[in-house]
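# build the 3D model from these lines:
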Amino acid sequence: MSVPRVVAVAPGSPAALAGVTEGDEILAVNGEAPRDLIEWRMLVDEPDVVLDVRRGSLLESTVQVSKKPGEPLGVEVHSALFDRVRTCDNHCEFCFIYQLPPGLRRSLYLKDDDYRLSFLYGNFTTLTRFTEADLERVVTEGLSPLYVSIHATDPDVRADMLRNRRGATSLRWLRALLDHGVEVHGQVVVCPGVNDGVVLDDTLAGVLDRYPELATLCVVPLGVSRYNREERMRPHAPAEAAAVVDAVHDWQDVFRAALGRRLVFAADEYYLLADRPFPAAETYGDFAMHEDGIGMARAFERELLGGADPVPSTGSAAERGGFFQWADGDISTSCGADYEPYRTVRAPDAGARLTEDGPGGTRRILGAGSDVAPTAVQLRPRRDAPVAILTAPYGAQVISPLLAQVGREDVRVIPVENQYFGGNIGVSGLMVGEDLTRALQREPAGHRYLLPDVCLSQGRFLDGTGPEDLPHPVEIVPADGSGLRTALGLA
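Sure thing, here's the model as predicted:
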């Protein structure tokens, strides 16, 4: 079992005043060794915290931290889990981890099925490794909401899709969670010819019959990269996407009649694939599944054109967003105690987000061609410089029509084709430096190039490159309509 390692101490915080320093290893908090970030936060929430600290290889000491109840300790630790991450024992045909290219950092190839990461970051769990002890902890510690992969309610279909016989019975834990009042959001990844059509109707009927307390259920399309080796897995045809949209709309009517709410929603990608208009913004309520691609386009429109506040991030412990951002720690073993699945927080001081609120309207711009770590330089951009928004094909389909309403003729969209992953991958969170470089090499110097922060984690793209490796400087902006509105000077 690993122990929390201090990676940052807030100046002036109770921990700083008590002498806690970066690099300290916390062996115990008030005599207890925390297993994960959840227990850590509960323990350090107390006043007068006593830390057993190891500093260096040999020196151990006790640090008394005086603070008010609930006052932040002022310490950031290296990981979300200090014991072993619970890995996934399913072998789903549609699992995107099996479709990753070789040569990525090792953490990206590890599959988790850990309910704690579901609570902390909104990761989806199949519950095939869930236990009575896990249920007791979820209920007693109030670990809610959780996010559950359903895919099918027919036991045989679900076991087949998960390639795990426990998939046929593990939804009993979903029933138990709901019985104990835990808020649960569900997901169905639709694979054409496998769990669409009649099977999808059966799944939605099963949800109404057995799991009507679900907070939401998102229906999302299968992602297929060029590395896919599963014969049954293929992208949706437009007609198949339209059929899913129609089924979801029909079942929304059924759920509204039976439960007074829509409950099920189709991902925005389905409307793009089917060439259908997005539902009205009010359809999505408070956009509870926004970060899973449900209502994202309407939220972006509302923020960009109407100046609405960004939809709050979900997840209990850190800001969500970005692909695999929760698994950005280094690992020394595939599932050992040194695995560090602590999601980076996209913030200005992490070098991954650039803002408009500097002195005199300055903006951080990451320079090109550097052979050192990314640095942020405060520059006043030319106000008359043309603006280009770098985004994936799906993002371009959403943003381009909105720009026509903004009244900025100097703003254009550069769709970045994803050749790195290939297949039907067209989301901005999977843009990488290799593809961005290819797109930017065709573009002139001296323009403002805006890049959404969702494709970066700790200043890196998934292919290991960074913004400093691109052929032109880029401005990293929040991946929401409000962030783009600010970057364009519309606020």
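# hey, let's count contacts and neighbours off CA atoms from now on
Noted.
# in stretch 445-465, which residues are buried?
Of the residues in stretch 445-465, 447-463 count as buried by neighbour count, 16 or more other CA atoms under 10 Å.
# likewise for stretch 273-288?
Neighbour-count burial for stretch 273-288, counted by 16+ other CA under 10 Å, picks out 273-274, 278-279, 281, 284, 287-288.
# under the pLDDT cut-off, which ranges of the stretch 301-450 of the chain? List them.
313-381, 383 (pLDDT under 70).
# 80 instead, please
307-308, 311-384 (pLDDT under 80).
# out of the buried residues of stretch 273-288, who's nearest Glu409?
Closest approach between these and Glu409, by CA to CA: Phe278, at 25.1 Å.
# check contacts around that closest one.
By CA atoms under 8 Å, 6 or more residues apart in numbering, the residues touching Phe278 are 268, 271, 295, 297-298.
# doesn't it lie inside a helix?
No. Counting by DSSP: H, G, I helix; E, B strand; the rest coil, Phe278 is not part of a helix but coil.
# what segments of the stretch 1-150 of the chain are helices?
Using DSSP state H, counting those that start in this stretch, the helices assigned to the stretch 1-150 of the chain run over residues 14-18, 37-43, 115-121, 132-141.
# mind checking these for the one nearest to Ala237?
Judging the helices of the stretch 1-150 of the chain by CA to CA, what sits closest to Ala237 is helix 115-121, at 31.2 Å.
# extract the CA atoms of that closest one and return them as PDB.
Once non-C-alpha atoms are left out, helix 115-121 reads as follows in PDB (Å, rounded to 0.1, in the frame of the first residue of the first chain):
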ATOM      1  CA  TYR A 115     -16.500   2.700  -7.700                       C
ATOM      2  CA  ARG A 116     -14.300   5.200  -5.900                       C
ATOM      3  CA  LEU A 117     -13.100   6.700  -9.200                       C
ATOM      4  CA  SER A 118     -16.700   6.700 -10.200                       C
ATOM      5  CA  PHE A 119     -17.600   8.800  -7.200                       C
ATOM      6  CA  LEU A 120     -14.500  11.000  -7.500                       C
ATOM      7  CA  TYR A 121     -14.400  11.600 -11.300                       C
END
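# wait, His447 sits on Pro386?
Yes. Taking contacts as CA atoms under 8 Å, His447 lies within contact range of Pro386: 5.2 Å.
# going by distance to Gly181, which of the contacts of Phe278 wins?
Closest to Gly181, out of all of the contacts of Phe278 and judged by CA to CA, is Gly295, at 25.9 Å.
# what's the distance between that closest one and Ala215?
Between Gly295 and Ala215 the computed distance is 16 Å (CA to CA, to the nearest Å).
# which one's more surrounded, those two?
Gly295 (27 against 20; other CA atoms under 10 Å).
# which pLDDT does the model give the more buried one?
Gly295 carries a pLDDT score of 93 in this model.
# domain map for the chain?
6-77, 96-327, 348-487 (automatic domain parsing).
# tabulate the buried residues of stretch 273-288 (TSV), appending distance to Gln252.
Listed next are the buried residues of stretch 273-288 as TSV, based on distance: CA to CA, whole Å:
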residue	distance to Gln252
Leu273	20
Ala274	18
Phe278	15
Pro279	12
Ala281	15
Tyr284	12
Phe287	16
Ala288	16
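# tell me what the longest helix anywhere in the chain is packed against?
For the chain, the helix with the greatest residue count under DSSP state H is helix 238-259. Judged by 3 or more CA pairs under 8 Å, 6 or more residues apart in numbering; DSSP states H and E, helix 238-259 is in contact with helix 197-210, strand 264-266, helix 268-274.
# wait, Ala16 sits on Val9?
Yes. Using CA under 8 Å, Ala16 makes contact with Val9 at a distance of 6.2 Å.
# now do the shared contacts for the two.
Gly74.
# pLDDT below threshold where in the stretch 101-250 of the chain?
107.
# biggest separation within the contacts of Phe278, which pair?
By the measure CA to CA, Tyr271 and Arg298 form the most distant pair in those, at 11.8 Å.
# who's more crowded, the two?
Neighbours per residue (other CA under 10 Å) separate Tyr271 from Arg298, with Arg298 holding more: 22 against 18.
# list the buried ones in the secondary structure element (helix or strand) that that one belongs to?
Here Arg298 sits within helix 296-306, counting by DSSP states H and E. Judged by neighbour count using 16+ other CA under 10 Å, the buried positions of helix 296-306 are 296-305.
# make TSV out of these and add distance to Ala243.
Shown next, in TSV, are these (distance: CA to CA, whole Å):
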residue	distance to Ala243
Met296	21
Ala297	20
Arg298	21
Ala299	24
Phe300	25
Glu301	25
Arg302	27
Glu303	30
Leu304	30
Leu305	31
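# and the two most separated of these?
Counting by CA to CA, the most remote pair of these is Met296 and Leu305, 14.1 Å apart.
# Gly464 is in contact with Leu104, isn't it?
Yes. Counting by CA under 8 Å, Gly464 touches Leu104, with 7.3 Å between them.
# how near is Gly12 to Gly23?
Gly12 is 18 Å from Gly23, by CA to CA.
# compare those two (neighbour count), which wins?
Just comparing Gly12 and Gly23: by other CA under 10 Å the higher neighbour count belongs to Gly23, 17 against 10.
# who's the spatially closest residue to the more buried one that is not a sequence neighbour bridged to?
Of all residues not flanking Gly23 in the chain, Val6 sits nearest, at 5.1 Å (CA to CA, 6 or more residues apart in numbering). Beta-bridge partners recorded for Val6 (DSSP bridges): Val77.
# mind checking pLDDT for Val6?
At Val6, pLDDT is 94.
# tell me who's in contact with it.
With CA under 8 Å, 6+ apart, Val6 has these contacts: 21-26, 75-78.
# next, format those residues as CSV and append distance to Gln187 and pLDDT.
As requested, the contacts of Val6 are exported to CSV (distance: CA to CA, whole Å; pLDDT from 0 to 100):
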residue, distance to Gln187, pLDDT
Thr21, 42, 93
Glu22, 39, 93
Gly23, 39, 92
Asp24, 40, 93
Glu25, 38, 94
Ile26, 37, 95
Val75, 34, 93
Glu76, 31, 92
Val77, 31, 92
His78, 30, 89
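# adding distance to Leu146, write these out as JSON lines.
JSON lines is the format used below for these (distance: CA to CA, whole Å):
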{"residue": "Thr21", "distance to Leu146": "34"}
{"residue": "Glu22", "distance to Leu146": "32"}
{"residue": "Gly23", "distance to Leu146": "32"}
{"residue": "Asp24", "distance to Leu146": "32"}
{"residue": "Glu25", "distance to Leu146": "30"}
{"residue": "Ile26", "distance to Leu146": "28"}
{"residue": "Val75", "distance to Leu146": "26"}
{"residue": "Glu76", "distance to Leu146": "24"}
{"residue": "Val77", "distance to Leu146": "23"}
{"residue": "His78", "distance to Leu146": "23"}
